[in-house]
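Asker: only geometry, no sequence info:
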């Protein structure tokens, strides 16, 4: 217990000293007074820690106090993006930003609740190509019912990831259930790259979907562009940033530089001098010129995604389609702690090429395209479809359904459930492809993607871009609207 207590104090002291060190440096004239104040605060925290340990009505695990102290310090900043992360959370963010990790190469999902009738087994969404999971013949739709003999319905998703990921070269045994058949597979962990970019052609239009920004993302975007350049009649490029919550600022800048040939891409501003940066485009790195570029955004497009879309908008490089973005205009730096926990803290705010910060404002698209909101009746109908389990049962009985069969079954369902046929086709299609390679796009249902395609095909891109509004224009409109209220 004493060793744990000592470690707790070392960890807390380290964090306090590192945080206050920058403050003392910035205010050198009062450095001595600040250091004295630091020592006093740390002494008070130590005093409270020991008092709780010696006097609280029940014995307290030191780790609870340690984590509480860290969480409390960061919560006191009143900043939702400055947070403490335990080992599991820190590992996940490290995997995301680094773009690779030791694992078996399976994209998985797991229900949050379990029951006797429906155990919360891990389901394979997709094996990543050329990874241990794919090479072992594991399929989309397979259930992992045990890992190294541990029933996966009894453990959390974090625990599952902790067992599947780990040291490269070490093995892990998974028990697979495929319909009524169960079998084991021994998977040797390898270096797994996080697949953040998917791309393909839609007719003669290049389509790039970016799910997040890691160290490898820009390289994969370049692969996409290179593949498009083999098309003799390439008419435009669509960049899909919908549901992309962000990632590395440097990755977003590197991708923007492939489209913007001059000027500022983004700038960061902070009270700490070395966090102030201006990122300029380099003409030599620009690889897409003279083509219509359309960016898809929605309410879940945030952070680094807004850096990229904002830069392309302010420089009049791209036309934005979809719905207003999330509005996260701050920069966080993740830092690891000595015990493999971590935290991230806001160090700066970023500004668009025309010096606009979109925090809590978001970016409005040039062309707004919204999906219709469900009525209460439709929500109830959807719940009824899920509860009745009619679609999975039908798809299981009719494997390899084609589009004509999907449309026919949707018409049949429409007679029993008051839902739009396009939505019924969508959820049937999702179930059909649950056990296959997922579709890159769904032109039958995706009205925003169809609108982006129309922008390129109409041949009026240059005139559209002349009428677009920069983020500075949008900000001026917002300020004027506030004055009128």
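Answerer: Yes, it's here. It should be emphasised that the depicted structure is a prediction, and the values quoted were computed from it without experimental measurement.
Asker: drop to CA atoms for contacts and neighbour counts, all remaining ones
Answerer: Fine.
Asker: so residue 311 touches residue 256, yeah?
Answerer: Yes - using Cα atoms under 8 Å, residue 311 is in contact with residue 256, at 7.1 Å.
Asker: Please identify which of the two sits among more neighbours.
Answerer: Using other Cα atoms under 10 Å, the more surrounded residue of residue 311 and residue 256 is residue 311, with 29 against 25.
Asker: what about residue 278, helix or strand, and which?
Answerer: strand 277-280 (DSSP states H and E).
Asker: which residues sit in contact with residue 444?
Answerer: Counting by Cα atoms under 8 Å, 6 or more residues apart in numbering, residue 444 makes contact with 422, 426.
Asker: which SS class is it?
Answerer: What DSSP: H, G, I helix; E, B strand; the rest coil gives for residue 444 is coil.
Asker: tell me the pLDDT at it?
Answerer: pLDDT recorded at residue 444 is 95.
Asker: Can you tell me the SS state at residue 418?
Answerer: Relying on three-state DSSP, one would call residue 418 coil.
Asker: That one against residue 378, yeah?
Answerer: Yes - Residue 418 lies in contact with residue 378 (Cα under 8 Å); the separation is 6.8 Å.
Asker: what about the chain, any weak spots by pLDDT?
Answerer: 1-31, 95-100 (pLDDT under 70).
Asker: Show residues contacting the longest strand along it.
Answerer: Longest strand in the chain, counting residues (DSSP state E): strand 342-351. Residues outside strand 342-351 that contact it (Cα under 8 Å, 6+ apart) are 74, 79, 81-87, 90, 266-272, 275-276, 307, 329-337, 357-358.
Asker: Now do it: distance to the chain's middle.
Answerer: 17 Å (Cα atoms, centre = their mean, to the nearest Å).
Asker: same for whichever helix or strand comes after it, what does it pack against?
Answerer: Once the chain leaves strand 342-351, the next helix or strand it forms, by DSSP H and E, is strand 367-368. Helices and strands touching strand 367-368, by 3 or more Cα pairs under 8 Å, 6 or more residues apart in numbering; DSSP states H and E, are strand 319-322.
Asker: strand partners of the strand it packs on, parallel vs antiparallel please.
Answerer: Strand pairing for strand 319-322, using DSSP bridges, gives strand 293-297 (parallel), strand 367-368 (parallel).
Asker: As JSON lines, those with mean neighbour count and distance to residue 190 would be great.
Answerer: Conversion of these to JSON lines gives the following (neighbours: other Cα atoms under 10 Å; distance: least, Cα to Cα, whole Å):
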{"stretch": "strand 293-297", "mean neighbour count": "27", "distance to residue 190": "34"}
{"stretch": "strand 367-368", "mean neighbour count": "16", "distance to residue 190": "43"}
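Asker: looking at the ones you listed, which is closest to residue 374?
Answerer: strand 367-368 (18.3 Å; Cα to Cα).
Asker: contacts for the closest one?
Answerer: So strand 367-368 is contacted by 320-324 (Cα under 8 Å, 6+ apart).
Asker: what's the neighbour count on residue 425?
Answerer: Neighbours of residue 425 under the rule other Cα under 10 Å: 22.
Asker: Wait, it touches residue 408, no?
Answerer: No - Residue 425 is not in contact with residue 408 according to Cα under 8 Å; the separation is 9.0 Å.
Asker: Can you redo the contacts of strand 367-368 as a markdown table, where the extra columns are distance to residue 153 and neighbour count?
Answerer: Formatted as a markdown table, these follow (distance: Cα to Cα, whole Å; neighbours: other Cα atoms under 10 Å):
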| residue | distance to residue 153 | neighbour count |
| --- | --- | --- |
| 320 | 43 | 27 |
| 321 | 41 | 25 |
| 322 | 38 | 25 |
| 323 | 38 | 24 |
| 324 | 39 | 21 |
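Asker: Just give me the closest of the residues you listed to residue 398.
Answerer: Nearest to residue 398 among these, with distances taken as Cα to Cα, is residue 322, at 35.1 Å.
Asker: residue contacts, that closest one?
Answerer: Taking Cα under 8 Å, 6+ apart as the definition, contacts of residue 322 comprise 296-298, 365, 367-370, 448.
Asker: Same check on residue 334?
Answerer: 342-345.
Asker: Residue 290 now?
Answerer: Contacts of residue 290 (Cα under 8 Å, 6+ apart): none.
Asker: Which helix or strand contains it?
Answerer: Going by DSSP H and E, residue 290 is not in any helix or strand.
Asker: So for stretch 366-376, what gets flagged as buried?
Answerer: 366-367, 369 (16 or more other Cα atoms under 10 Å).
Asker: And stretch 269-284, by the same measure?
Answerer: For stretch 269-284, burial by neighbour count (16+ other Cα under 10 Å) applies to 269-270, 279-282.
Asker: What of stretch 41-60?
Answerer: 42, 45-46, 49, 52-53.
Asker: if I look at residue 360, how far off is residue 389?
Answerer: 40 Å (Cα to Cα, to the nearest Å).
Asker: and what of residue 145?
Answerer: Residue 145 sits 21 Å away from residue 389, going by Cα to Cα.
Asker: and these two? which has more neighbours close in?
Answerer: The neighbour comparison of residue 145 against residue 389 (other Cα under 10 Å) goes to residue 145, with 22 against 11.
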